[in-house]
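> need coordinates for the following:
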Amino acid sequence: QVQLVESGGGLVQPGGSLRLSCGASGSIFRLDVMGWYRQAPGKQRELVASITSGGTTNYADSVKGRFTISRDNAKNTVYLQMNSLKPEDTAIYYCNSYYPSGGLRWNDYWGQGTQVTVSS
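This is a model prediction of the structure:
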């Protein structure tokens with residue numbers, strides 16, 4: 001069983017920055033794809049950024065150049081540095097991990113979510 005615990009959300013003014021952290025328990029962390037998703041009110045959950053065990057990253061077009069995902073395998077932690085925040089970034093942000101194999105997502109785990117609000 002893997003547990004994911006997010007932290008770092010909060011209220012920030014437009015143009016500001018926040019750093020989200022996600023601590024993972026479980027020994028399979030190093031093999032997993034880690035990602036951050038977000039869900040705004042009335043909208044579907046969407047991928048924000050992901051990072052493979054080898055460090056390959058993928059970003060939603062809406063956050064490219066503003067957000068950076070990174071991971072520290074020694075600390076079993078993944079981060080999301082969010083700069084130049086906009087009101088449309090307001091959402092609940094969820095940490096996710098899964099093990100990719102055979103084109104499927106195995107051991108698909110989610111954190112409880114952390115609220116990010118961008119407002120003046």
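> for the residue nearest to the spatial centre of the chain, give the beta-bridge partners.
The chain has Trp36 as the residue nearest its centroid, 2.0 Å off, counting by Cα atoms, centre = their mean. Beta bridges link Trp36 to Ala49, Cys95, judged by DSSP bridges.
> residue boundaries of the helices in this protein?
Under the criterion DSSP state H, the chain carries no helices.
> point out where the protein drops to low pLDDT.
Applying pLDDT under 70 to the chain flags residues 27-30.
> right, and Val5 touches Gly113 too?
No - applying Cβ atoms under 8 Å as the test, Val5 and Gly113 come out as separate, 10.5 Å apart. All C-beta atoms are positioned from the backbone trio N, CA, C, and that covers glycine.
> which one of the two is surrounded by more residues?
Gly113 (18 against 14; other Cβ atoms under 10 Å).
> strands of this protein, start to end?
Counting by DSSP state E, residue ranges of the strands within the chain are 4-7, 10-12, 18-24, 33-39, 46-51, 57-59, 67-72, 77-82, 91-101, 104-110, 114-118.
> buried ones in the fourth one?
Just to be clear, that refers to strand 33-39. Judged by neighbour count using 16 or more other Cβ atoms under 10 Å, the buried positions of strand 33-39 are Val33, Met34, Gly35, Trp36, Tyr37, Arg38.
> the first one - nearest residue in space that isn't next to it in sequence?
Using Cβ to Cβ, 6 or more residues apart in numbering and skipping residues adjacent in sequence, the residue nearest Val33 is Thr52, 5.3 Å away.
> again with the second one
Closest residue to Met34 apart from its sequence neighbours, by Cβ to Cβ, 6+ apart: Val78 at 4.2 Å.
> name the residues that touch stretch 57-73?
For stretch 57-73, contacts defined as Cβ atoms under 8 Å, 6 or more residues apart in numbering pick out 29-30, 34-36, 46-51, 53, 55, 77-85, 88-89.
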